[in-house]
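>>> need coordinates for the below:
(one chain, ligands or ions: 1)
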Amino acid sequence: MSVSDELFAEALKVMPGGVSSPVRAYRSVGGTPRFVKRALGSHIVDVDDKRYVDLVCSWGPMIAGHAHPEVVAAVQQAVADSTSFGAPSEVELRLAQAVVARMGGAIDKVRFTCSGTEAVMTAARLARGITKRPLLVKFVGCYHGHSDSFLVSAGSGVASLGLPDSPGVPKEVAGDTVALPYGRIDLVEELFAERGDQVAAIVTEGVPANMGVIVPPEGFNRRLHDIAHAHGALLIQDEVLTGFRLSPTGAWGLQGAKEEWTPDLFTFGKVIGGGMPLAAVGGSAQLMDYLAPEGPVYQAGTLSGNPAACAAGLATLALMDDAAYSRLDATADRVSAMADAALESAGVPHRINKVSNLFSVFLTDAPVTDFASASKQDTKAFSRFFHAALDAGLWLAPSGFEAWFCSTALDDDDLEVIDAGLHKAAQAAAQGLSSLEDVRR
Ligand SMILES: Cc1ncc(COP(=O)(O)O)c(C=O)c1O
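Numbering: from 1, shown residues only. Presented below is the predicted three-dimensional model:
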């Protein structure tokens with residue numbers, strides 16, 4: 001029995017599923033989650049002293065690698081002056097200025113929160129408070145945190161009223177969220193034609209990455225922006241995952257900034273806090289000033305803008321200059337090409353969706369454009385792929401519905417380990433593939 005096995009058995013007694021967040025529990029791939037004792041640069045070390053090359057990066061934040069000396073120094077200095085003040089601090093101001101400056105005029109102000117969930121919840125409340133309308137429009141398979149309004153999926157069809165995805169979400173709340181299949185601008189137009197005057201906001205991921213990475217159809221986000229505005233609604237671009245990762249200005253930097261349109265509200269998380277609990281809502285001064293105490297929309301938080309978290313975020317953003325993004329993009333090109341080649345040579349049908357440095361590997365032979373097509377992947381083959389990769393020292397997300405995250409800490413030695421590990425993983429995925437029908441099922 002490994003130390004991870006022993007700790008997990010203990011954890012199951014005092015924590016539901018033994019974890020603080022469900023996907024960590026390995027339910028979809030089977031087996032025992034590895035307990036981590038430390039991580040440095042591109043490596044994670046588990047409690048059994050096995051070392052892995054990290055391609056999860058704590059689900060996004062660790063873009064500059066783990067325990068980067070500059071991030072550690074900034075946090076140490078901050079915590080030496082106390083872990084929390086519950087009052088404004090200079091480091092919080094400096095991070096706000098850095099975020100506003102980076103977004104190059106797309107936002108004037110930010111409000112810090114402790115999690116992406118809170119940030120999107122706050123953006124939705126703002127949109128509803130400003131427009132005095134109830135409805136939110138989201139897309140099936142996009143994740144915006146676990147607040148009641150967003151734990152909603154929808155059956156097919158236009159304007160189907162949301163049904164709660166989880167017991168505990170009142171149907172009255174879920175009913176004010178409409179979930180449409182991703183990419184179907186025709187259905188968005190139909191919905192707005194019928195109920196446009198009730199819609200407070202369209203909420204979308206800049207690049208969806210929570211059903212695996214989906215490449216937005218050309219012009220899709222701009223059309224969402226235009227449709228929302230034509231009906232007096234707002235566009236909330238959720239960049240909790242993509243913000244300051246896909247480019248210095250996130251997914252918006254790859255799209256809106258070039259096409260000259262701007263979402264009304266942004267949400268940021270993950271990279272903005274450099275691995276500490278920090279997220280934010282951003283927008284124009286006009287919209288953001290609806291927030292209390294300037295305006296009537298209430299939002300608050302004991303630990304919001306925490307100085308140690310802001311210090312980690314500020315240090316991480318400072319590390320991520322243009323050269324760092326170029327390196328990250330080049331590394332992601334190499335890793336995704338390795339996954340492609342390994343699966344190809346093992347004869348495993350697959351699709352890779354990629355936007356700049358973010359990509360997903362789907363074990364399916366059909367294009368993946370939305371949640372329904374992402375769901376066609378062969379989850380059994382993925383489990384074999386995942387466990388063989390883990391044995392070979394690769395730390396992958398334990399689900400085929402996740403993005404792969406690279407960091408600037410990955411070096412050539414890591415890439416060799418990744419290449420060898422992916423070949424073993426691909427061979428394992430190939431075992432038991434009796435026919436293409438298996439893949440489709
Ligand atoms: C796009 C997006 N929005 C919101 C969230 C929720 O963020 P958090 O987990 O910090 O609450 C996530 C988390 O993965 C996300 O990817």
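>>> identify the residues contacting the longest helix seen in the chain?
If you go by DSSP state H, the chain has its longest helix at helix 322-346. Here helix 322-346 makes contact (Cβ atoms under 8 Å, 6 or more residues apart in numbering) with 55, 63-64, 247-248, 350, 352, 354, 356-359, 361, 363, 404, 406-408, 410, 415, 418-419, 422-423, 425-427, 429-430. Using the backbone N, CA and C atoms, a C-beta is placed for each residue, glycine as well.
>>> how much space between the residue in the stretch 51-200 of the chain positioned nearest to the ligand and Gly273?
The minimum distance from the stretch 51-200 of the chain to the ligand, using Cβ to the nearest ligand atom, falls at Gly116 (2.2 Å). Distance of Gly116 to Gly273, given as Cβ to Cβ, to the nearest Å: 10 Å.
>>> residues in contact with Leu433?
By Cβ under 8 Å, 6+ apart, the contact list for Leu433 reads Gly347, Val348, Asp378, Ala381, Val439.
>>> and it, which of the three is it?
Here Leu433 is recorded as coil under DSSP: H, G, I helix; E, B strand; the rest coil.
>>> okay, it: pLDDT?
With respect to pLDDT, Leu433 has a value of 73.
>>> okay, now whichever residue of the stretch 301-441 of the chain sits closest to the ligand: neighbour count?
For the stretch 301-441 of the chain and the ligand, the shortest gap (Cβ to the nearest ligand atom) falls at Ala403, measuring 8.8 Å. Neighbour count of Ala403, defined by other Cβ atoms under 10 Å: 29.
>>> look up the closest residue to Pro134, ignoring the ones flanking it.
Using Cβ to Cβ, 6 or more residues apart in numbering and skipping the chain neighbours, the partner closest in space to Pro134 is Asp176 (4.7 Å).
>>> try Val79
Per Cβ to Cβ, 6+ apart, closest to Val79 is Ala308, 5.0 Å.
>>> host element of the one you found?
Using DSSP states H and E, Ala308 falls within helix 307-319.
>>> mind giving me the packing neighbours of that helix?
Applying 3 or more Cβ pairs under 8 Å, 6 or more residues apart in numbering; DSSP states H and E, we find helix 307-319 packed against helix 69-80, helix 90-102.
>>> helix, strand or coil for the nearest residue to Val137 once chain neighbours are set aside?
Among residues not flanking Val137 along the chain, Ile202 sits closest, at 4.6 Å (Cβ to Cβ, 6+ apart). Three-state assignment for Ile202 (three-state DSSP): strand.
>>> how much space separates Ile202 from Gly393?
Applying Cβ to Cβ, the value for Ile202 to Gly393 is 42 Å.
>>> between these two, which has more neighbouring residues?
Each of Ile202 and Gly393 has its neighbours counted (other Cβ under 10 Å); Ile202 has more, 29 against 18.
>>> can you lay out the helices and strands packed on helix 307-319 as a markdown table showing distance to the ligand and mean neighbour count?
Compiled in a markdown table, these are given as follows (distance: least, Cβ to the nearest ligand atom, whole Å; neighbours: other Cβ atoms under 10 Å):
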| stretch | distance to the ligand | mean neighbour count |
| --- | --- | --- |
| helix 69-80 | 18 | 15 |
| helix 90-102 | 16 | 17 |
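>>> mean pLDDT and distance to Leu343 added to those helices, as a markdown table?
As requested, those are exported to a markdown table (pLDDT from 0 to 100; distance: least, Cβ to Cβ, whole Å):
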| stretch | mean pLDDT | distance to Leu343 |
| --- | --- | --- |
| helix 69-80 | 98 | 34 |
| helix 90-102 | 98 | 36 |
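>>> distance to Leu224 added to the ones you listed, as a markdown table?
Listed next are the helices and strands packed on helix 307-319 as a markdown table, based on distance: least, Cβ to Cβ, whole Å:
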| stretch | distance to Leu224 |
| --- | --- |
| helix 69-80 | 35 |
| helix 90-102 | 23 |
